[in-house]
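Okay, here's the prediction I keep looking at, along with the sequence it came from:
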Amino acid sequence: MRVGVTGADGLLGATLVPLWRRAGAEVLGWTLDDFDVRDAAATRRAVLGARPDAVLHLAAWTDVDGAEAEPDAALAVNRDGTAHVAAACREAGAQLVYLSTDYVFDGSARAPIPPATRPAPLGAYARGKAAGEEAAEASGPRWTVVRTGWLFGPGGRNFVDTVRAAAARGRPLRVVDDQVGAPTSTALVAEGLWGLVGGGRSGRWHLAAAGAASWFEVARAVYGAVGADPALVTPCRTADAGRAAARPAYAVLDCRATETALGIALPRWEEHVVAHLRTGRVPPLGLIDGDA
């Protein structure tokens, strides 16, 4: 399988590209140095020149609060850039796999959110990602939208490692306890995508760790896992955090269809968070032969 990956040097791409190469795929990892997805002509040249079987579109504007100050700039990447990738995939006859987010939902759910749920984005970043989903779905018959959230891993800034650094310094932290989701490792998403794409899956999918917790509960788990005092972490409300962008209060994704498609039970978030903190690796899902 020959695949192109936009955002190859991002948080997810840094794990996905080497994992897929070890699995046997021919991976073309694209970064901003190769082309900017806001440039339709450059995007077209890169995709058609590569002649991939699939393009994993991971490149995105990810500054959630910054998008509130620069909504047009965020849309140019997350909506227009995705439309450019989608058009190129359609012309190249390649499958488009678009990484989306739990942020497309408004957080009003009270039970895990199924993939068919209609997006109801709250802020500029979320509106751009929801518009990106629409652009991906317009790419032709071969599109796959995969939503995930609360990512952590070795490839860039993330909540789990930020809290670990605070724990190492013995710092007290105030963390919101009214947002609920499931911390998900980049390794889980990278391997889950391998299973979905390799299995020829199209349409909308949810891919996240099992279980649910508030950010406050996650932070306390991180402090405990690294030997710091969890009592140093105290709860606060989202309204007290002073963030520019609204965030979904409930962002737990229903992944049962994904588990059935992959033939596995997805691990609970605690298992991967603790393994990441203590060993720097997480247990594989078993979808890639010989990867341990």
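Happy to help now that I have it.

What residues sit buried inside the one helix or strand R278 maps to?
For R278, the host element (DSSP states H and E) is helix 269-279. By neighbour count with 16 or more other Cβ atoms under 10 Å, helix 269-279 contains the buried residues W269, E270, E271, H272, V273, V274, A275, H276, L277. Using the backbone N, CA and C atoms, a C-beta is placed for each residue, glycine as well.

my guess is A182 contacts L151, does it?
No. Using Cβ atoms under 8 Å, A182 is not in contact with L151, being 10.6 Å away.

other SSEs contacting the helix or strand encompassing G195?
Remark: G195 resides in helix 186-198, with elements defined by DSSP H and E. Taking 3 or more Cβ pairs under 8 Å, 6 or more residues apart in numbering; DSSP states H and E as the contact definition, the neighbouring helices and strands of helix 186-198 are helix 13-22, strand 54-57, strand 95-101, strand 143-148, strand 151-152, helix 256-262.

Name the next helix or strand downstream of it, please.
strand 203-206.

Now do that next one: which elements does it pack against?
For strand 203-206, the packing partners by 3+ Cβ pairs under 8 Å, 6+ apart are strand 143-148, helix 256-262.

Put the alpha carbons of the first one into CSV.
What it means is strand 143-148. What follows is the C-alpha trace of strand 143-148 in CSV, where atoms were taken according to Å, rounded to 0.1, in the frame of the first residue of the first chain:
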residue,chain,number,x,y,z
TRP,A,143,-13.6,8.8,1.9
THR,A,144,-13.1,7.9,5.6
VAL,A,145,-13.6,10.3,8.4
VAL,A,146,-12.2,9.2,11.7
ARG,A,147,-12.9,11.2,14.9
THR,A,148,-10.7,10.9,18.0
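
Residues contacting that strand, please?
When contacts are taken as Cβ atoms under 8 Å, 6 or more residues apart in numbering, the neighbours of strand 143-148 outside the stretch itself are 86, 95-102, 104, 115, 133, 136-137, 184, 189, 192-193, 196-197, 201-208, 253.

Leaving out chain neighbours, which residue sits closest to A120?
Leaving aside its sequence neighbours, A120 sits nearest to D106 (Cβ to Cβ, 6 or more residues apart in numbering; 4.0 Å).

dump the residue contacts of the one you found.
Counting by Cβ under 8 Å, 6+ apart, the residues that D106 touches are A120, P121, L122, P248.

what's the pLDDT at P141?
With respect to pLDDT, P141 scores 70.

Tell me if I am right that it is in a helix.
No. Counting by DSSP: H, G, I helix; E, B strand; the rest coil, P141 is not found in a helix; it is coil.

gap between the residue lying closest to it once chain neighbours are set aside and I288?
Sequence neighbours aside, S202 is the residue nearest to P141 in space, at 7.7 Å (criterion: Cβ to Cβ, 6+ apart). Between S202 and I288 the distance is 21 Å, computed by Cβ to Cβ, to the nearest Å.

So those two - more neighbours on which side?
Using other Cβ atoms under 10 Å as the criterion, S202 and I288 rank with I288 on top: 18 against 15.

How is that one assigned, secondary-structure-wise?
At I288, secondary structure determined by three-state DSSP is coil.

repeat for P283
Assigned by three-state DSSP, the conformation of P283 is coil.

Surely it touches P267?
Yes. Using Cβ under 8 Å, P283 is in contact with P267, at 6.9 Å.

Mind checking which of these two has more residues around it?
More neighbours surround P267 than the other of P283 and P267, with 19 against 14 (other Cβ under 10 Å).

And the contacts of D106, which is closest to G170?
Relative to G170, the closest of those is P248; by Cβ to Cβ it sits at 31.7 Å.

measure the nearest residue to the closest one once chain neighbours are set aside to R147 for me?
With Cβ to Cβ, 6+ apart as the measure, G107 is the residue that lies nearest to P248, at 2.9 Å, once sequence neighbours are left out. As defined by Cβ to Cβ, G107 lies at a distance of 14 Å from R147.

So for the two, which sits in the more crowded spot?
Neighbour count, other Cβ under 10 Å: between G107 and R147, R147 has more, with 26 against 20.

what pLDDT does the more buried one get?
98.

and it, what are its bridge partners?
Per DSSP bridges, the residues bridged to R147 are S100, H206.

Surely A136 is in contact with V55?
No. With the criterion set as Cβ under 8 Å, A136 and V55 do not qualify as a contacting pair; they are 10.3 Å apart.

what sits in contact with each of the two?
Common neighbours of A136 and V55 (criterion: Cβ under 8 Å, 6+ apart): L96.

Much appreciated, bye for now.
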